[in-house]
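Peer 1: Sequence and predicted structure below; questions after.
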Amino acid sequence: MSGDSHNKGSSLFGLVDFSPRIAFVLVILTLTVAVMGYHIYRDSGARQVEGIGQEALRIFSAARSGRSEGAPPVGPEEIEGRVKEWVGVKVALPRDEKLFSYKFVVREKIGKRTAAAIHIAFAGEPYLLMVMRHEALRGEEAPSPLFYRSSFLSWEKDGMSFVFWERDGVQYLLVSDVDLTHTFDLVRQHFT
């Protein structure tokens, strides 16, 4: 019987003998590990977006150093075709020729992902629009892990403005040296 003093043996992991203290500690430890895992998973999206932002800043800076001087503008239809070919997603770019001028588009690698880097002039100011396919999580389509319950991520760093958003399985990042409010308004009014 369980009350006998001579029969105090214990089985593997205490499955036969039950100790409320040990059970309570195991439950607390399990919950702690689960909460920490959730926070690590959630914060990994912010690190991923920051890495994309650093690569986009490098691409934007290289283009500003005179790479596109004198190049004729490219039509939005041609850029959309190249994005479809390189990234495998369909995008619709704004068609207002008075406000937008599409300078050129190049294929870039960000980590293991292929991205289209579209160099745009809006009202005479240079912008870089990065277009990437939403990468599947563990080989299966899932809701975006990059940010939780948020439509946009926007930030400023070293005088540069960044606006990140997702729509229809496509991830976009707009980079500029224009004020963040102007960059965000451009995204809100013309790209969403």
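Peer 2: Good, I have the coordinates. Computed from a prediction, not measured in an experiment: that's the story for all the values here.

Peer 1: Strands along the protein, start to end?
Peer 2: 100-110, 113-122, 125-133, 152-157, 160-167, 170-176 (DSSP state E).

Peer 1: Point out the one among those strands that comes closest to residue 24.
Peer 2: strand 152-157 (40.0 Å; Cβ to Cβ). Placement of C-beta: from N, CA and C, glycine included.

Peer 1: what residues does that closest one touch?
Peer 2: Applying Cβ atoms under 8 Å, 6 or more residues apart in numbering, the contact partners of strand 152-157 are 49, 53, 57, 146-147, 161-165, 180, 183-184, 187.

Peer 1: what's the longest helix anywhere in the chain packed up against?
Peer 2: Among all segments of the chain classified by DSSP state H, the helix with the greatest residue count is helix 20-62. Applying 3 or more Cβ pairs under 8 Å, 6 or more residues apart in numbering; DSSP states H and E, we find helix 20-62 packed against strand 100-110, strand 125-133, strand 152-157, strand 160-167, strand 170-176.

Peer 1: As CSV, the ones you listed with mean pLDDT would be great.
Peer 2: Shown next, in CSV, are these (pLDDT from 0 to 100):
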stretch, mean pLDDT
strand 100-110, 86
strand 125-133, 89
strand 152-157, 79
strand 160-167, 86
strand 170-176, 88
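
Peer 1: before we move on, the earlier item: considering the contacts of strand 152-157, which possesses the most neighbours?
Peer 2: Greatest neighbour count in the contacts of strand 152-157, by other Cβ atoms under 10 Å, goes to residue 162: 26 neighbours.
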